[in-house]
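J.: Predicted model, plus sequence, below.
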Amino acid sequence: MKVIIKAEYARLIQPFISTEATRYYLTGFFVERDPVKGVRIVATDGNRLAVFHDADGLCLAGQGAIIALPKEAVRLCKPGRSWEPQVRHVEIDLAADTATIHVGDPREGATPVGTFNKVLVDGSFPDYRRVIPDLPLPGSRQCRPVIQSYRTSYLADFAKVADGRNASIRVLAHEPAGPAIVFVGGRADFFGVVMPYRDEQRDRFPEWWTRKPKILGLPAPNTVVQASAA
């Protein structure tokens, strides 16, 4: 019984994993079979959700598996050199409860660079599909902008998914105070969900920009003053 995914996904999903010990079932990423091809890699901390699709991944665990990699294993998930010819993979042996990082695909012969014990998290991953909002159809009455605030640290973590690419982040929501879908430019294998942040809602210019002068004789804001000829 094994799980095999590209190491890139195991590395990029780390910021979205919960660090709360009381929610131990969220302290790892979840791997399950995709209904059509490959596997899905999912993680959430309750405020954000990340979903990757590894079209070549393998998951022989019927109900999926929750995996928590130590920091050293995550470090090995990144190629040693940018020009490394083979893609690194993570192989999880469900029976032995181990994770091995390979240079190359272990199904085709690969070089192991590290093996780590006790990586499986015992528990049931929640039904993450319930928090994914439906997107409105383009042109429908529901497809209109919604003003919401988001934590900059959350958006920064989504930017990390671009993995060095100079990509854009698109946040789509159509319900006030509801979850929003996040897309990262250039990554058709990813989408995320982020909850809005309830802070000071500002949707107008600050007072110092729009105030009127109080002293007679002063020009109004943004007025060009013509100098008179001597």
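T.: Here it is on my side, so go on. Residues are numbered from 1 along each chain as shown.
J.: From here on, just use CA atoms for contacts and neighbour counts.
T.: OK.
J.: Asp157: how many residues sit nearby?
T.: Per other CA atoms under 10 Å, the neighbour tally for Asp157 reads 16.
J.: So for stretch 175-185, what gets flagged as buried?
T.: Neighbour-count burial for stretch 175-185 flags 175, 179-185 (criterion: 16 or more other CA atoms under 10 Å).
J.: so where's the protein shaky on pLDDT?
T.: Applying pLDDT under 70 to the chain flags the ranges 136-145, 199-203, 213-230.
J.: okay, now the domains of it?
T.: As assigned by automatic domain parsing, the chain contains the domains 2-128, 132-194.
J.: now do the same end-to-end measure for the shortest one.
T.: Okay, so that is domain 132-194. 9 Å (CA to CA, to the nearest Å).
J.: What is the distance between it and the centre of its chain?
T.: How far domain 132-194 lies from its chain's middle: 10 Å, per CA atoms, centre = their mean, to the nearest Å.
J.: what's the answer for the longest one, then?
T.: Here domain 2-128 shows a centroid-to-chain-centroid distance of 15 Å under the convention CA atoms, centre = their mean.
J.: Nearest residue to Ala95 in space, please, no chain neighbours.
T.: Met1 (6.5 Å; CA to CA, 6 or more residues apart in numbering).
J.: What is the burial count for that neighbour?
T.: Met1 has 11 nearby residues by other CA under 10 Å.
J.: three-state assignment of Ile41?
T.: strand (DSSP: H, G, I helix; E, B strand; the rest coil).
J.: Next, count neighbours for Ala110.
T.: So Ala110, with other CA under 10 Å, has 16 neighbours.
J.: Check the buried residues of stretch 175-185 and tell me the two furthest apart.
T.: Farthest apart among the buried residues of stretch 175-185 by CA to CA are Glu175 and Gly185. That separation is 23.0 Å.
J.: For the protein, which helix extends over the most residues?
T.: helix 152-160 (DSSP state H).
J.: tell me which strands and helices it is in contact with?
T.: strand 180-184 (3 or more CA pairs under 8 Å, 6 or more residues apart in numbering; DSSP states H and E).
J.: which residues touch the strand it packs on?
T.: 132-133, 135, 158-159, 161-162, 167-174, 190-196 (CA atoms under 8 Å, 6 or more residues apart in numbering).
J.: The helix or strand just after that strand pairs with which strands?
T.: Helices and strands here follow DSSP states H and E; after strand 180-184, the next one along the chain is strand 190-194. Here strand 190-194 is paired, per DSSP bridges, with strand 48-54 (antiparallel), strand 180-184 (antiparallel).
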